[in-house]
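>>> Below are the sequence and a predicted model; questions follow.
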Amino acid sequence: DINMPEMNGYEVCAALKGDPLTLAIPVIFLSALDDVRDKVSAFAAGGADYVTKPFQSDEVLARVDCQLRVTRLRAALEQKNRELAEKNEELRQAWRSTEAVFSTLSNVLDGQVLCDKYRLEAKIGMGGFAAIYRARHLQTDQAIAVKVLRPIPGFDSWQQLERFRLEGDSMMRLNHPNVVSVFDSGIADSGIAFIAMELLEGRTLAAEIEAVRPLSLRRCAAILEPVCAVLSEAHARGIIHRDIKPGNIFLHVGADTDGTTVPDDVG
């Protein structure tokens with residue numbers, strides 16, 4: 001109630017809401033005061049509901065039941081959120097651990113030979129999904145690029161391998177001057193999943209934008225035209241590129257035209 005002997009309902013409610021032990025308990029006001037300002041003051045003090053006198057007991061019990069159900073649902077949701085936060089923290093810890101392991105591993109892969117065909121010479125790039133190495137085809141002595149799968153916490157290994165395999169297959173299905181050429185893909189005896197592809201010389205569109213800003217409209221059109229052309233070709237073959245961004249568009253110095261290619265994550 002609001003007007004009680006030597007007590008003020010607003011103050012009692014505020015005190016209950018200020019104590020961690022009673023904070024979550026819903027407070028229902030039951031008062032003869034029916035002015036809107038009284039009700040607003042009750043809610044401002046932390047009240048969950050307000051019933052005016054005279055009242056019917058069934059109505060009060062129904063409101064109590066409703067508040068208890070809401071409180072229990074809120075408690076269950078908060079528990080789920082805590083569990084989710086713990087899982088996310090575990091995932092972040094796993095990611096940091098995996099990142100450290102892969103970073104260390106990727107730095108010692110120089111000189112590693114995959115499938116008796118490709119010697120990794122130097123790491124030239126690192127992304128969220130893979131590391132890129134300058135490599136050498138041992139039979140032809142051709143300089144190539146090799147993309148090595150990195151583990152992703154939260155994904156089963158078969159899911160990662162399947163996605164990586166589909167990427168290689170999709171890239172080999174595309175025959176377009178603005179798609180990086182893929183020669184081979186597989187899993188080495190050491191367990192390293194890889195894609196062997198054409199080695200490009202130049203820099204990404206992201207690096208270009210950072211170095212030369214703003215890009216002229218003519219330059220933008222020259223870059224976008226081949227990107228749109230290769231995406232159209234991919235879509236015609238039922239392939240969807242799910243990560244089009246400046247970091248995945250490469251400006252190849254040795255290209256005949258503008259040199260725009262889309263080397264990463266086709267499909």
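Nice, thanks for sending it over. Everything numeric here is computed off the predicted structure, so don't read it as measured data. Numbers count the residues shown, from 1 in each chain.
>>> Can you show me the helices along the stretch 101-250 of the chain?
Counting by DSSP state H, counting those that start in this stretch, the segments of the stretch 101-250 of the chain that form helices are 157-173, 205-211, 217-236.
>>> What helices and strands are in contact with the last one?
Counting contacts by 3 or more C-beta pairs under 8 Å, 6 or more residues apart in numbering; DSSP states H and E, the secondary-structure elements packed against helix 217-236 are strand 260-261. Glycine gets a C-beta too; all of them are placed from N, C-alpha and C.
>>> If we use 10 Å, what do you get?
helix 157-173, helix 205-211, strand 260-261 (3 or more C-beta pairs under 10 Å, 6 or more residues apart in numbering; DSSP states H and E).
>>> list the buried ones in that helix?
Residues 222-223, 226-227, 230-231, 234 are the ones in helix 217-236 that count as buried (16 or more other C-beta atoms under 10 Å).
>>> What of the second one?
Neighbour counts over helix 205-211 (16+ other C-beta under 10 Å) mark 205, 208 as buried.
>>> try the first one
When burial is assessed from 16+ other C-beta under 10 Å, helix 157-173 yields the following buried residues: 160, 164-165, 167-168, 170-172.
>>> which of those has the weakest pLDDT?
Comparing pLDDT over those, the lowest score belongs to Q160 (65).
>>> before we move on, back to that, would you reformat the buried residues of helix 157-173 as TSV and include distance to A206?
Below are those laid out as TSV (distance: C-beta to C-beta, whole Å):
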residue	distance to A206
Q160	24
F164	23
R165	27
E167	20
G168	23
S170	22
M171	20
M172	26
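>>> rewinding a little: among the helices and strands packed on helix 217-236, which comes closest to E198?
Minimum separation from E198 across the helices and strands packed on helix 217-236 (C-beta to C-beta) falls at strand 260-261, 8.7 Å.
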